[in-house]
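In: Following is a predicted model, sequence given first.
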2 protein chains.
Amino acid sequence: MRICILGADGYLGWSLSLYLLSKGYEIFGIDTGDRRRWVREVGGESLLPIKSMIDREGLIRKLGGTFTSGNVMNYSSISRDIKNFQPDTIVHLAEMPSAPYSMMNNAKAVYTHNNNVIGTLNVLYAMKEYCPDAHLVKLGTMGEYGTPNIAITEGPIEVEYKGRKSMLPFPKQANSWYHLTKVHDTNNIQFACKTWDLKSTDIMQGVVYGTKIPEMGNDERLYTRFDYDQCFGTVINRFCTQAIARHPITLYGTGGQKRGFLPLKDSMQCLTLAIDNPPDEGEYRILNQFEEVYTLKDLAYMVWCKAQELGYSTEIINIPNPRTEVENHYYKPDHQKLFDLGYEPTIDMEREIEGMLKDLEPYRDRINPKVIMPDITWR
Amino acid sequence: MRICILGADGYLGWSLSLYLLSKGYEIFGIDTGDRRRWVREVGGESLLPIKSMIDREGLIRKLGGTFTSGNVMNYSSISRDIKNFQPDTIVHLAEMPSAPYSMMNNAKAVYTHNNNVIGTLNVLYAMKEYCPDAHLVKLGTMGEYGTPNIAITEGPIEVEYKGRKSMLPFPKQANSWYHLTKVHDTNNIQFACKTWDLKSTDIMQGVVYGTKIPEMGNDERLYTRFDYDQCFGTVINRFCTQAIARHPITLYGTGGQKRGFLPLKDSMQCLTLAIDNPPDEGEYRILNQFEEVYTLKDLAYMVWCKAQELGYSTEIINIPNPRTEVENHYYKPDHQKLFDLGYEPTIDMEREIEGMLKDLEPYRDRINPKVIMPDITWR
């Protein structure tokens, strides 16, 4: 199967490239390298050392794939690549993935809209023109839903009003410009499927954590990036870095916020299940992709306990929440479809966290303590 | 009251400037003149002759207002204007308003997203920075809802799932890139109200028709534009032009499509009611702004009858629908809030149409028959 991976240099994109190559898929990876630039811009750097784009190009070539420079913002370039490669599946991970980055100021909000919404629009047009039968696997986020006071469906919801019923898209209430761009994408993709008979799986993914996947072994050249700064570090990755740095594990507000989580290797498994099981022509399919829901304070405690066991002295602190978000809320999203497709989740989160701490410890000196605490606020 | 009108050179914007000036409001109108360019680009031209931007600047100055060049796409320019004028209300009409134009190709889809979504984002940031207490009256469209198989609420809808209930935004199913950009705006504005305590009225407006408002009298210098081409001509305006041109009145498909409609002068009345009755701080308010629902074929028949009476020989034809849309559907949107604020609708649509035909007849020679029939399709 021919897979085009947009955003192949990112945390998920690089991992997915290696994962799919190891399973015999034909891979054509494209990236701008922008993620490296964004992270540097906010003072961060991948805690695990990663190879340059050029080195990665050579590594992927040795494994039988392609890794090349390209930009979804440039329609003529992206459409030419897609036309030439003729993918069966396009995995679109080429978006700016940080809520705080998008909330810094007007220029960043505009940039995020451009990069994400226009980028996806270009991909949809390139598919319509050059591979209308391909399957678009698009990375959305569980954050598109916000925290409604009811369970969240995995796909349309039946709505009743004045005695009539209709199946309608689940109403979204995203809580940052970044998350909103994903909602805009979702609306646009759904329209393209309906109007142009494209097929797409829109992955509402929970928060991913983890240092590596088994396919990387202990080969440092194959490591994927691992960010811990306020913008690009996801929460468990940030907690683990704080523990390693003997910095307080930092909760935003009470830490009562609930989110769905899954380890990096489960994300690979789930994306592959989506790839292997495409929807029908014209079908727009939503998958809520996570293993289980946790509160942030439970996770902080889990990291703290594991750090204690390993002999790191740290503590948990609460700071004023830089985001405007509900900290105590109902949260029960449906997430059955991936299990139906065969998803076998990693149940043991504590062991995962232990592995992460051990993976990160050798790189402790690379941590820049200045980028750990948040100073970007929602207001 | 100090009103900043973004898009003051457009069909609604110019009319609203004159309407509000006649009622004693302080007006600061801004426009790029892009609407003139877009219409020319598709071969059209305003059927009613309109004055140049420079002439309009002078006309508005004589009436005590300001009309100036500016672009919502340029953040530093728009934020400086807003900072200097310190409006009580910003009426945002500065969007690219054509569904077919947005569906022409990738470049136009991208352009529409940029102009509309980024433009509105810039307005929101300028308000946050320089006039957080102002009221944003934003022009959305009834087309944001699409045609769900239930009545449409005017604001949130109660959704029940797995035994719990929640008030959520009404799910949108827009049917062109243009309509989707309005949905994206709606989501963004709602977030800005919640996060920055801005106040906004999002007007889900039906299809507007009409040649002029009483405030223009018979003074040709004050006329607002009147478009009839496939992109920028709204349906009743197009039907009337076809009748005047002795061209068949053209229905897309069966003409069973139902939409909400209101005359231009009612749009002025409703926008002013929204301006005069701002929501509370942090409140995001939706108004479904139209007078009554009609099927397109009923309207075609109404125009045909009136044309017969006036002695124009014409016919009604059905052509393959260039859009992908449902042609026979349930449609019953709530629209009570404006009536509660005091809206007194123009009931007599037939007389309105008669007036339009009489207003347009003297300009019959200006019609370019080549731009009447649609050739932009959704697929």
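Out: Sure thing, it's come through.

In: Pull out the buried positions in stretch A:310-318.
Out: Residues of stretch A:310-318 classed as buried by neighbour count (16 or more other CB atoms under 10 Å in any protein chain shown): A:Tyr312, A:Thr314, A:Ile316. (Glycine included, C-beta is placed from N, CA and C.)

In: oh, I was asking about stretch A:259-278
Out: A:259-275, A:277-278.

In: what helix or strand does A:Ser79 sit in?
Out: Element membership for A:Ser79 (DSSP states H and E) is helix A:75-85.

In: In the sheet, which strands lie alongside whichever helix or strand comes after that helix, parallel or antiparallel?
Out: Per DSSP H and E, the first helix or strand lying C-terminal to helix A:75-85 is strand A:89-92. Looking at strand A:89-92 with DSSP bridges, its partner strands are strand A:2-6 (parallel), strand A:135-141 (parallel).

In: With distance to B:Lys370 as added columns, please give those in JSON lines.
Out: Output for these, formatted as JSON lines (distance: least, CB to CB, whole Å):
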{"stretch": "strand A:2-6", "distance to B:Lys370": "41"}
{"stretch": "strand A:135-141", "distance to B:Lys370": "38"}
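
In: and of those, who's closest to A:Lys83?
Out: strand A:2-6 (11.0 Å; CB to CB).

In: in the stretch 251-379 of chain A, which spans are strands?
Out: Per DSSP state E, counting those that start in this stretch, the stretch 251-379 of chain A carries strands over the ranges A:258-263, A:284-289, A:292-295, A:316-319.

In: Flag every buried residue along the third one.
Out: Right, the one you point to is strand A:292-295. A:Val293, A:Tyr294, A:Thr295.

In: from these, which single one is nearest chain B?
Out: Nearest to chain B out of the buried residues of strand A:292-295 is A:Val293 (CB to the nearest CB; 14.9 Å).

In: For that closest one, list each beta-bridge partner.
Out: According to DSSP bridges, beta-bridge pairing links A:Val293 with A:Gly260.

In: shaky segments in the stretch 251-379 of chain A?
Out: In the prediction, the stretch 251-379 of chain A carries no residues with pLDDT under 70.

In: Residue numbers of it in contact with chain B?
Out: The stretch 251-379 of chain A has residues A:Thr324, A:Tyr330, A:Lys332, A:Trp378, A:Arg379 near chain B, with proximity defined as CB under 8 Å from any CB of the partner chain.

In: most surrounded residue in the residues you listed?
Out: Most neighbours among these, by other CB atoms under 10 Å in any protein chain shown: A:Trp378, with 17 neighbours.

In: Isn't that one up against A:Arg323?
Out: Yes - with contacts counted by CB atoms under 8 Å, A:Trp378 reaches A:Arg323, the gap being 4.9 Å.

In: Can you pull the residues that touch both of these two?
Out: Counting by CB atoms under 8 Å, 6 or more residues apart in numbering or on different chains, the shared contacts of A:Trp378 and A:Arg323 are A:Ser176.

In: and the residue located most distally from the centre of chain A, how far is that from B:Tyr330?
Out: Residue farthest from the centre of chain A, counting by CA atoms, centre = their mean, is A:Gly163 at 39.8 Å. Per CB to CB, to the nearest Å, A:Gly163 is found 12 Å from B:Tyr330.

In: And the residue farthest from the centre of chain A, how close does it get to B:Phe85?
Out: According to CB to CB, A:Gly163 stands 48 Å off from B:Phe85.

In: repeat for A:Val235
Out: In this view, A:Val235 and B:Phe85 are 43 Å apart by CB to CB.

In: B:Val117 is in contact with A:His113, correct?
Out: Yes - counting by CB under 8 Å, B:Val117 is a contact partner of A:His113 at 6.0 Å.

In: More neighbours: those two, which one.
Out: The residue with more neighbours, out of A:His113 and B:Val117, is B:Val117; 27 against 24, by other CB under 10 Å.

In: Apart from its chain neighbours, what residue comes closest to that one?
Out: Counting by CB to CB, 6 or more residues apart in numbering or on different chains, B:His184 is the residue found nearest to B:Val117 once chain neighbours are left out, at 4.9 Å.

In: got a list of what A:Glu26 touches?
Out: Counting by CB under 8 Å, 6+ apart, A:Glu26 has contacts A:Met1, A:Arg2, A:Ile3, A:Gly64, A:Gly65.

In: farthest pair in those residues?
Out: Farthest pair in these, by CB to CB: A:Met1 and A:Gly64, 13.6 Å.

In: Looking at these two, which one has more neighbours?
Out: Shown here are A:Met1 and A:Gly64; by other CB under 10 Å, A:Met1 has more neighbours (15 against 11).

In: Need the per-residue pLDDT for that one.
Out: If you check A:Met1, the pLDDT there is 96.

In: Give me the distance between it and A:Gly342.
Out: Applying CB to CB to A:Met1 and A:Gly342 gives a distance of 17 Å.

In: do A:Arg56 as well
Out: According to CB to CB, A:Arg56 and A:Gly342 sit 30 Å apart.

In: Looking at those two, which has the bigger crowd around it?
Out: Using other CB under 10 Å as the criterion, A:Arg56 and A:Gly342 rank with A:Arg56 on top: 21 against 12.

In: The host helix or strand of that one: what's the following helix or strand?
Out: According to DSSP H and E, A:Arg56 maps onto helix A:53-62. The helix or strand immediately downstream of helix A:53-62 is strand A:66-69, counting by DSSP H and E.

In: Off-centre distance for that following strand?
Out: Strand A:66-69 has its average C-alpha position 20 Å from the chain's average C-alpha position, going by CA atoms, centre = their mean, to the nearest Å.

In: who touches it?
Out: Contacts for strand A:66-69 (CB under 8 Å, 6+ apart): A:8-9, A:17, A:27-33, A:53, A:56-57, A:59-61, A:81.

In: what do you get for stretch A:343-357?
Out: With contacts defined as CB under 8 Å, 6+ apart, stretch A:343-357 is touched by A:209-211, A:236-237, A:240, A:243-244, A:261-263, A:265-266, A:269-270, A:273, A:291-292, A:294, A:302-303, A:305-307, A:309-310, A:312, A:339.

In: Can you tell me the closest non-neighbouring residue to the residue in the stretch 201-350 of chain A positioned nearest to chain B?
Out: Using CB to the nearest CB, the single residue of the stretch 201-350 of chain A nearest to chain B is A:Thr324, 5.2 Å away. Of all residues beyond its chain neighbours, the one nearest A:Thr324 is A:Trp378 (4.5 Å), with distances taken as CB to CB, 6+ apart.

In: cool, A:Glu315 as well?
Out: Using CB to CB, 6+ apart and skipping the chain neighbours, the partner closest in space to A:Glu315 is A:Pro248 (5.1 Å).

In: That neighbour is in contact with A:Ser313, isn't it?
Out: No - with contact defined as CB under 8 Å, A:Pro248 and A:Ser313 do not form a contacting pair (10.6 Å).

In: now the residue nearest to A:Ile50 when sequence neighbours are not counted, what's its secondary structure?
Out: In this structure, A:Ile50 finds its nearest non-sequential neighbour in A:Arg225, 5.1 Å apart by CB to CB, 6+ apart. Following DSSP: H, G, I helix; E, B strand; the rest coil, A:Arg225 is assigned to coil.

In: wait, A:Arg225 sits on A:Ser46?
Out: Yes - contact between A:Arg225 and A:Ser46 holds when scored by CB under 8 Å: they sit 3.8 Å apart.

In: Give me the common contacts of those two.
Out: Common neighbours of A:Arg225 and A:Ser46, counting by CB under 8 Å, 6+ apart, are A:Val39.

In: mind listing what A:Asn237 touches?
Out: A:Tyr209, A:Gly210, A:Phe226, A:Asp227, A:Tyr228, A:Met356.

In: and what of A:Tyr331?
Out: A:Thr147, A:Lys258, A:Arg259, A:Val293.
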